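Peer 1: Below: sequence and its predicted model.
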Amino acid sequence: MKIVTVVGARPQFIKAAAGSRALRKTHQEILVHTGQHFDDNMSAVFFREMGIPEPDYNLGVSGGSHAQMTAKMLVGIEEILVKEEPDALLVYGDTNSTLAAALAAVKLHIPVIHVEAGNRLGTLDSPEEVNRIATDHVATLDFCATEDALEKLKREGLGDRSYCVGNIMYDSFLHFADQPWENPNIIDFDGNPVTVPNTYYYMTCHRQENTYSDEPLTEILLAMNSLDAPTIYAVHPRNHERARRIVEKEGFTNIILTQPVGYSDSVHLTKNAKKIVTDSGGLQCEAFYAGVQCVFVLDFIVWPETMVDNRNQLAKADHKDILEKLSKQQTINPSYQPFGDGHAAEEICRIINAWERTKH
Ligand code: UDP
């Protein structure tokens, strides 16, 4: 088959690394980058380091309101789909790129394949939730990372098209976690290399809820600054200015601010961290895979499977709450593996191939 895959944001590149490798064994893939993430350290580094094929198209759409971004992508993707006439369109996750691609394809009667379907926060206040629900419902095949996500789709009447295949991010994580940590390339805001301390906490924080003003981010950094080891905070480009200003103003000398790191560095920073504090959906799962305790700073649970035995705890953007959660100890039950066995991409391809056979 000819399959158009649309990606646009960092976590999608990480998923596509595993997906494209498996898909290209039997299918022709046309890769479209919407341009949602464009900095070298948010985009190109992943293509280089993870062996993702060069995109065939780049729409260069970034910034603007949700409507502006989605509308521009919708128009650009439709043109590509009309020209390429693919047999299917494949999308990952829950970004505006996911939604725009799914809508463009379904209106042209091109079957949509959605990877990482079925996750629900239970609130339409989250823009990603809207993208997930809409994409799941227009898709022909929905691939869930967990049984819980599959159950949610069954409740929404989508059971006949939905499959639990494991988390495709786990495929990428295992691939990199098994390799030695060679040549870390961790750079501070002034372009100087950062030496990773023997003991440290790893933090990412970029969601609107935690970075829309100084207050929540200051609370989170206040907690991290008071810990018994430094925190490496890999900062999303849109939060550079705010993070630097807060750290300087508050005199937080126990925080090491860095530019976004590549995937191998992020995986190894995760594996070797004392604990992790994040508002990232992907990083909390990686902490879980690595057996490193995590505190997730948000009002909503994103991956309920990780919220067991103190392995991942929800905290408010409040320094006391974060410190209290960090002070707890986790226990790990090694037989508890809710994210599959790290072969999600192969399973997805197996089901796509079986579905293709039913069409002939
Ligand atoms: N990540 C990375 N470099 C960084 C920060 C995160 O490679 O500087 C990786 C991280 O390991 C995880 C993914 O990016 O796999 C998470 O992406 P992001 O936080 O942008 O999205 P979310 O998980 O919130 O959807």
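Peer 2: Perfect, thanks for sending it. Numbering: from 1, shown residues only.

Peer 1: Okay, and the beta partners of the residue in the stretch 101-250 of the chain that the ligand sits nearest to?
Peer 2: Closest residue of the stretch 101-250 of the chain to the ligand, C-beta to the nearest ligand atom: Ala234 (3.4 Å). In this view, the C-beta of every residue, glycine as well, is placed from N, C-alpha and C. When bridges are called by DSSP bridges, Ala234 pairs up with Thr258.

Peer 1: so what's it scoring on pLDDT?
Peer 2: Per-residue confidence (pLDDT) for Ala234: 98.

Peer 1: same thing with Glu151?
Peer 2: pLDDT at Glu151 comes out at 98.

Peer 1: can I assume it sits in a strand?
Peer 2: No - checked against DSSP: H, G, I helix; E, B strand; the rest coil, Glu151 lies outside a strand; its state is helix.

Peer 1: okay, now it: neighbour count?
Peer 2: 15 (other C-beta atoms under 10 Å).

Peer 1: separation between it and Val302?
Peer 2: As judged by C-beta to C-beta, to the nearest Å, Glu151 and Val302 stand 16 Å apart.

Peer 1: Near the ligand, which residues of the stretch 201-350 of the chain are found?
Peer 2: 204, 234, 260-261, 263, 266, 280-283, 286 (C-beta under 6 Å from any ligand atom).

Peer 1: What about those residues, which one has the most neighbours?
Peer 2: Glu286 (28 neighbours).

Peer 1: Looks like that residue contacts Tyr263 (just checking).
Peer 2: No - contact criterion C-beta atoms under 8 Å: Glu286 and Tyr263 do not qualify, at 10.0 Å.

Peer 1: residues from the stretch 1-150 of the chain in reach of the ligand?
Peer 2: 10-11, 14.

Peer 1: Do a quick rundown of the helices in the stretch 1-150 of the chain.
Peer 2: 10-23, 45-50, 66-84, 96-107, 127-138, 147-155 (DSSP state H, counting those that start in this stretch).

Peer 1: and what of the stretch 251-360 of the chain?
Peer 2: Assigned by DSSP H, counting those that start in this stretch, the helices in the stretch 251-360 of the chain fall at 263-272, 281-290, 319-326, 344-359.

Peer 1: Which one, of the ones you listed, ends up nearest to Leu174?
Peer 2: For Leu174, the closest of the helices of the stretch 251-360 of the chain is helix 281-290, at 7.6 Å, according to C-beta to C-beta.

Peer 1: Just name whatever secondary elements the closest one is in contact with.
Peer 2: Judged by 3 or more C-beta pairs under 8 Å, 6 or more residues apart in numbering; DSSP states H and E, helix 281-290 is in contact with helix 10-23, helix 168-177, helix 263-272, strand 276-278, strand 294-297, strand 312-315.

Peer 1: Need the pLDDT of Asp39.
Peer 2: 87.

Peer 1: That one and His240 touch, don't they?
Peer 2: No - using C-beta under 8 Å, Asp39 is not in contact with His240; the gap is 10.5 Å.

Peer 1: got the contact list for stretch 50-61?
Peer 2: 7-8, 13-14, 16-17, 20-21, 24, 29-36, 38, 46-47, 69, 72-73, 76-77, 80, 172, 176, 263 (C-beta atoms under 8 Å, 6 or more residues apart in numbering).

Peer 1: Separate out the buried members of the residues you listed.
Peer 2: Buried members of the contacts of stretch 50-61, counted by 16 or more other C-beta atoms under 10 Å: 7-8, 13-14, 16-17, 20-21, 29-36, 38, 46-47, 69, 72-73, 76-77, 80, 172, 176, 263.

Peer 1: Tabulate the helices of the stretch 251-360 of the chain (TSV), appending mean pLDDT.
Peer 2: Listed next are the helices of the stretch 251-360 of the chain as TSV, based on pLDDT from 0 to 100:
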stretch	mean pLDDT
helix 263-272	97
helix 281-290	97
helix 319-326	98
helix 344-359	95
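
Peer 1: okay, those helices in CSV with distance to Ala117 next?
Peer 2: CSV is the format used below for the helices of the stretch 251-360 of the chain (distance: least, C-beta to C-beta, whole Å):
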stretch, distance to Ala117
helix 263-272, 23
helix 281-290, 14
helix 319-326, 30
helix 344-359, 11
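
Peer 1: Deepest in the core, which of those is it.
Peer 2: helix 281-290 (a mean of 23; mean count of other C-beta atoms under 10 Å).

Peer 1: tell me the angle that helix makes with helix 263-272.
Peer 2: 50 degrees (axes from the mean of the first three to the mean of the last three C-alpha atoms, to 10 degrees).

Peer 1: please begin residue numbering at 26 from this point
Peer 2: Right, with 26 as the first residue, what we last looked at is helix 306-315.

Peer 1: Keeping just the C-alphas, turn helix 306-315 into PDB.
Peer 2: As requested, the backbone C-alpha atoms of helix 306-315 are provided in PDB (Å, rounded to 0.1, in the frame of the first residue of the first chain):
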ATOM      1  CA  GLY A 306       2.800  12.400  28.800                       C
ATOM      2  CA  GLY A 307       5.700  10.700  27.100                       C
ATOM      3  CA  LEU A 308       8.300  11.300  29.800                       C
ATOM      4  CA  GLN A 309       6.100   9.900  32.600                       C
ATOM      5  CA  CYS A 310       5.800   6.700  30.600                       C
ATOM      6  CA  GLU A 311       9.500   6.500  30.000                       C
ATOM      7  CA  ALA A 312      10.100   7.000  33.800                       C
ATOM      8  CA  PHE A 313       7.800   4.000  34.300                       C
ATOM      9  CA  TYR A 314       9.700   1.900  31.700                       C
ATOM     10  CA  ALA A 315      13.000   2.800  33.400                       C
END
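
Peer 1: what does it rub up against?
Peer 2: With C-beta under 8 Å, 6+ apart as the criterion, helix 306-315 contacts 36, 39, 192, 194-195, 198-199, 202, 229, 291-292, 295-296, 298, 301, 303, 318-319, 321, 327-328, 330-331, 336-337, 364.
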